[in-house]
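Participant: Curious how this folds, go ahead:
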Amino acid sequence: MFGNEERALLLTRSATFIALIAAGAWISIPFFPVPLTLQTFFVLMAGVAMRRHAVLPAGGYLLLGALGLPVFHNGLAGIGVLFGPTGGYLLGFIPAAAVAGIAYEHPGPAVRLGGLACASALILGCGSCWLANTASLSLWSAFLAGTVPFLLGDTVKTVAAYFIGKHLK
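Facilitator: Numbers count the residues shown, from 1 in each chain. I've put the predicted structure just below:
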């Protein structure tokens, strides 16, 4: 890696966003069936800042949590969290980071905002489908419990990421 500034920057940004996503997990408001956190905001911001490489911190974050580091919401850790009711939301971070990042490779503001909105919808969709499976709920019940309560908060996070992204290179 010596002498390769692009790779060093990628590694530094990845580590920074892994730390931010983990810190966002600790900023948690108890909610049913899953807590409200700032993790999704930092996943979106990784897409804004790192483009398609945002999948690296999203995947790294999940790997660290699966290996036992207490980086998931409320300090939880382990592979069991990924198989629990919140696992779908967490696993949705990877495709969401990819969608947001690829959208930010396009200069158009509508594409960028649409990409962030799709990324948020992906996280909620993956989470609700997983919730339906793990909690033996119908898809409609899982949608009502695992998506609807988070729509306002995720909309605010999406818009905030977009406006912050307008001020980044």
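
Participant: going forward, measure contacts between C-alpha atoms and count neighbours the same way
Facilitator: Will do.

Participant: In the sheet, which strands lie alongside the one helix or strand in the chain whose mean pLDDT sits lowest, parallel or antiparallel?
Facilitator: Lowest by mean pLDDT, DSSP states H and E among the helices and strands of the chain is strand 28-29, with a mean of 77. For strand 28-29, the paired strands and their directions (DSSP bridges) read strand 36-37 (antiparallel).

Participant: next SSE after the partner strand?
Facilitator: helix 39-50 (DSSP states H and E).

Participant: And the residue sitting furthest away from the middle of the chain, how far from G80?
Facilitator: What lies farthest from the middle of the chain is G3; by C-alpha atoms, centre = their mean that is 31.4 Å. Using C-alpha to C-alpha, to the nearest Å, G3 is found at 40 Å from G80.

Participant: Against which helices or strands is the helix or strand hosting A142 packed?
Facilitator: In this structure, A142 is located in helix 139-146 according to DSSP H and E. Helices and strands touching helix 139-146, by 3 or more C-alpha pairs under 8 Å, 6 or more residues apart in numbering; DSSP states H and E, are helix 109-134.

Participant: Does anything pack onto the helix it packs on? Which helices or strands?
Facilitator: Applying 3+ C-alpha pairs under 8 Å, 6+ apart, one finds that helix 109-134 contacts helix 39-50, helix 87-91, helix 93-103, helix 139-146, helix 151-165.

Participant: what angle sits between that helix and helix 151-165?
Facilitator: Using axes from the mean of the first three to the mean of the last three C-alpha atoms, to 10 degrees, the inter-axis angle of helix 109-134 relative to helix 151-165 is 140 degrees.

Participant: Give me the mean pLDDT for helix 109-134.
Facilitator: Mean pLDDT, computed over helix 109-134, is 97.
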